[in-house]
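# I'd like to go over a predicted model; first the sequence, then the structure.
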Amino acid sequence: MAEFVTVETESGICRITLNRPEVMNALNRGLRRDLTVALRAGWSSRVIVLTGAGRGFCSGQDLTDAEGLDEAGFEATLNDEYVPMIRAITDAPVPVIAAVNGVAAGAGANLALACDLVIATGSASFIQAFARIGLIPDAGGTSFLPRRVGLQRAMGAALLAEPVSAGQAEAWGMIWQAVPDERFADVVAARASQLARGPTGAFAALKQALRGAFDQPLEAQLALEARLQAVCGASADFREGVAAFQEKRAPRFTGQ
Ligand code: T3D
């Protein structure tokens, strides 16, 4: 039984809520463990939605939980706890939506940026807070951030460690969408439902292709596309998609 997250699964949507609202969902060891387990379990759904309880999304490392760690302890925490948590998002065969309901700071910001689609409520902000306490962005931030926003904005965000508003984050391409607070829940629900009805196998393949895109030369990327497209082209979902187009109706994808 998870202590620090709640999980609800309905209609193919696995909704995971970080649940330490009294500390803005700071990541202590237990939350990292529970989140990683919940994310891996969510792989068998059709979409995962990650959000936070209370007024914040996630305030990053619990700063009362890292005291006393020496150099080896820091490295072990990152390798043994943060890396599996981030990989449980990036390697998920289903889309992962970050529903950023409030401030996302430190590793909490990068937890959101690990996700495939980031939808933020308009009053949310993203803070690469690390430099404030003498650290560098982690939890994948040095990879996700420059890829999303370019080197200058990544440098500015990391060096200055100032809040980037949801609207600014959308304008920079750091996130998919900033939504007025009153429409946030509806927009997240609609997108989750849309993706849960989608061609899950094709989503897994496109995640694989796009997530590796910056590390591959064109030749290798073209070859990967051919391989993945061959699998998609042989799928029941592709046949259904074409049939639905010809019959002028909405497709009924099964993920097969
Ligand atoms: O291996 C390792 O350990 C290294 C890994 C590092 C990864 C990291 O994430 S480093 C970065 C850690 N995070 C931060 O530095 C952010 C710290 N928090 C803040 O800057 C602010 O709290 C926020 C900007 C997130 C929110 O500000 P605000 O004014 O809306 O709320 P608040 O009053 O500051 O916070 C509310 C409560 O949450 C407060 O507790 P209190 O006073 O009501 O008892 C605050 O202490 C607590 N809280 C917020 N963030 C954390 C936290 N407690 C522990 N750890 C936190 N990260």
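Everything's here; your move.

# okay, CA-based contacts and neighbour counts for the rest of this
Fine.

# so how far is the ligand from residue 185?
20 Å (Cα to the nearest ligand atom, to the nearest Å).

# tell me the pLDDT at that residue?
Confidence at residue 185, expressed as pLDDT, is 98.

# Am I right that it falls within a strand?
No - using DSSP: H, G, I helix; E, B strand; the rest coil, the assignment for residue 185 is helix, not a strand.

# Now the element after the helix or strand bottoming out on mean pLDDT in the chain, going C-ward?
Here the helix or strand of the chain ranked lowest by mean pLDDT, DSSP states H and E is helix 71-77, holding a mean of 94. Downstream of helix 71-77, the first helix or strand assigned by DSSP states H and E is helix 83-90.

# Am I right that residue 49 sits in a strand?
Yes - secondary structure of residue 49 (three-state DSSP): part of a strand.

# how far away is the residue of the chain most remote from its centre from residue 232?
In the chain, counting by Cα atoms, centre = their mean, residue 247 sits farthest out from the average C-alpha position, at 35.3 Å. Note on residue 247: its distance to residue 232, by Cα to Cα, to the nearest Å, is 21 Å.

# ok, now residue 170?
Here residue 170 is placed at a distance of 31 Å from residue 232 (Cα to Cα).

# Between the two, point out the one with more neighbours.
Neighbours were counted for residue 170 and for residue 232 using other Cα atoms under 10 Å; residue 232 has more, 21 against 18.

# Enumerate the residues of the stretch 51-200 of the chain near the ligand.
Listed as neighbours of the ligand in the stretch 51-200 of the chain under the rule Cα under 6 Å from any ligand atom: 59-64, 66, 74, 77-78, 105-107, 129-130.

# rerun at 8 Å
Within the stretch 51-200 of the chain, the positions adjacent to the ligand are 55-56, 58-66, 69, 73-78, 82, 103-108, 127-130, 132-133, 135-139 by Cα under 8 Å from any ligand atom.

# ok, of these, which come out buried?
For these, a burial check counting by 16 or more other Cα atoms under 10 Å picks out 55-56, 58-62, 82, 103-108, 127-130, 137-139.

# Model confidence score at residue 255, please.
pLDDT, residue 255: 88.

# just checking, it touches residue 239?
No - Residue 255 is beyond contact range of residue 239, at 11.7 Å (criterion: Cα atoms under 8 Å).

# Which one's more surrounded, these two?
Comparing residue 255 with residue 239 by other Cα under 10 Å, the one with more neighbours is residue 255, at 18 against 15.

# so how many other residues sit close to residue 16?
For residue 16, using other Cα under 10 Å, the count is 22.

# who touches the helix or strand containing it?
Counting by DSSP H and E, the element that carries residue 16 is strand 13-18. With contact meaning Cα atoms under 8 Å, 6 or more residues apart in numbering, strand 13-18 is reached by 4-9, 25, 31, 35, 38-39, 42, 45-53, 57-58, 192-193, 196.

# Filter those residues down to just the ones in helices.
Among these, the members found in helices (DSSP state H) are 31, 35, 38, 39, 42, 192, 193, 196.
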